[in-house]
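*Asks:* any chance you can model this:
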Amino acid sequence: MKPLRLGTRSSPLALWQANFVADLLRPIVAPSSVELVLIETHGDRDQASALSAMGGFGVFTKAIQMSLLEGRVDVAVHSLKDLPTIPQPGIELCAVPPRGPTGDAFLSVQHRRFDDLPPGATVGTSSLRRRAQVLNRRPDLRLVDLRGNVDTRLRKLYDQGWDGIILAEAGLQRLGLQHHITETLDPRWMLPAVGQGAIGLECRSHDDETRAILQAINCSITMAQVAAERAMLAALGGGCLVPIGATSATLDGILTVRGTVLSPDGRRRVVATHSGPIETPLAIGQELAAMLLAEGADELLAADF
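*Replies:* Purely as a prediction, here's the structure:
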């Protein structure tokens, strides 16, 4: 019987995610096997450029999607925060397993909390979203670009004497590196990326067999949360290089999403919150985007910074 082939990047975190998915799928597809197919993306090849200078979305996902369309893999495994909201014809987001931690983590050798950073301290981050939110809270800080896999970023913290770096909590936890976390940043001011902590699984639109297999490991609550967040991002113009964050929670069948849009320098910030039945995630996300636009996000999205 032919194996189920999962397309993934080859970074340690991507491999953890792909192996996690593979372990969930093996009992479902037995006696067939599950295999990983390693794919190099544009973001993997270019480790020097800032992500914002590379066109933003799609740099870590496009090559895997092309392998899926060409039939070289059956499932594309992505960090969902990297997946563009603009649909790729012939491909569908079929499932998301239960979500991991969504927060951003502050790591430092010298300081116990982010708010303990002295004036002019140096902080490393690869994210335009994190950069803007840091500057909104602490405009005095010096921010430096931070690329590479998690181990590379940790080495830069220790080798270059920076005051701190900011990484996704989920990645550190999944790689067993959570002991490096100094503080998980408060999501009231540091909103995560859309889809942060979630793994997105895509299959070909006409592949009903694979879709049914993936549905068996789908988490409906996670899917509703990320659908609402991605609907917000899409309605705001998801491909733009403007800092956008979102966080979501569910309670008693009600889904609540909080979103933010900032100027890249962090000087301007718009925040809004919206709730609704968990069965209507797309409407919640679209209505939240409309609220943000009405509060002034339209000016930030249209500005030429």
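*Asks:* so where's the stretch 1-150 of the chain uncertain?
*Replies:* Within the stretch 1-150 of the chain, the stretches with pLDDT under 70 are 42-57.
*Asks:* quick one: the strands in it, in order.
*Replies:* Here the stretch 1-150 of the chain has its strands, by DSSP state E, counting those that start in this stretch, at 4-8, 34-38, 75-79, 91-95, 104-107, 122-125, 142-145.
*Asks:* report all helices and strands that the fourth one contacts.
*Replies:* By that I understand strand 91-95. helix 62-69, strand 199-204, helix 208-215 (3 or more CB pairs under 8 Å, 6 or more residues apart in numbering; DSSP states H and E). All C-beta spots, glycine's among them, are computed from the backbone N, C-alpha and C.
*Asks:* list of residues touching the shortest one?
*Replies:* The one in question is strand 199-204. Contact with strand 199-204 is made by 17, 20-21, 65, 68-69, 74-80, 83, 88, 90-97, 210-211, 214, 217, 226, as judged by CB atoms under 8 Å, 6 or more residues apart in numbering.
*Asks:* picking that back up, okay, the strands of the stretch 1-150 of the chain in TSV with distance to Thr273 next?
*Replies:* Formatted as TSV, those follow (distance: least, CB to CB, whole Å):
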stretch	distance to Thr273
strand 4-8	35
strand 34-38	39
strand 75-79	25
strand 91-95	25
strand 104-107	19
strand 122-125	25
strand 142-145	27
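*Asks:* possible to save these as CSV with mean neighbour count and distance to Ile166?
*Replies:* Shown next, in CSV, are the strands of the stretch 1-150 of the chain (neighbours: other CB atoms under 10 Å; distance: least, CB to CB, whole Å):
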stretch, mean neighbour count, distance to Ile166
strand 4-8, 22, 25
strand 34-38, 18, 28
strand 75-79, 26, 16
strand 91-95, 21, 27
strand 104-107, 25, 5
strand 122-125, 20, 5
strand 142-145, 15, 9
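*Asks:* among the ones you listed, which is nearest Arg113?
*Replies:* strand 104-107 (7.5 Å; CB to CB).
*Asks:* adjacent strands (with direction) for that closest one?
*Replies:* Using DSSP bridges, the strands paired with strand 104-107 in its sheet are strand 164-168 (antiparallel), strand 183-184 (antiparallel).
*Asks:* and those strands, which is most packed in?
*Replies:* strand 164-168 (a mean of 24; mean count of other CB atoms under 10 Å).
*Asks:* now do the contacts for the residue positioned nearest the centre of the chain.
*Replies:* Among the residues of the chain, Lys81 comes closest to the average C-alpha position under CA atoms, centre = their mean, at 2.2 Å. Residues counted as contacts of Lys81 (CB under 8 Å, 6+ apart) are Ala168, Pro192, Ala193, Val194, Gly195, Gln196, Ala198.
*Asks:* what of Leu25?
*Replies:* Neighbour list for Leu25: Leu4, Leu6, Val34, Ile213, Leu214, Ile217 [criterion: CB under 8 Å, 6+ apart].
*Asks:* out of these, which one sits closest to Ser126?
*Replies:* Nearest to Ser126 among the contacts of Leu25, counting by CB to CB, is Leu6 at 25.3 Å.
*Asks:* ok, the closest one touching Val21?
*Replies:* Yes. Using CB atoms under 8 Å, Leu6 is in contact with Val21, at 6.3 Å.
*Asks:* what is in contact with these two at once?
*Replies:* With CB under 8 Å, 6+ apart, Leu6 and Val21 have common neighbours Val75, Val77.
*Asks:* helices of this structure, start to end?
*Replies:* 12-29, 42-45, 62-69, 128-137, 150-160, 169-174, 208-215, 220-236, 281-292, 298-302 (DSSP state H).
*Asks:* save those helices as JSON lines, and put in distance to Asp186 too.
*Replies:* Output for these, formatted as JSON lines (distance: least, CB to CB, whole Å):
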{"stretch": "helix 12-29", "distance to Asp186": "24"}
{"stretch": "helix 42-45", "distance to Asp186": "29"}
{"stretch": "helix 62-69", "distance to Asp186": "33"}
{"stretch": "helix 128-137", "distance to Asp186": "10"}
{"stretch": "helix 150-160", "distance to Asp186": "21"}
{"stretch": "helix 169-174", "distance to Asp186": "12"}
{"stretch": "helix 208-215", "distance to Asp186": "34"}
{"stretch": "helix 220-236", "distance to Asp186": "19"}
{"stretch": "helix 281-292", "distance to Asp186": "20"}
{"stretch": "helix 298-302", "distance to Asp186": "22"}
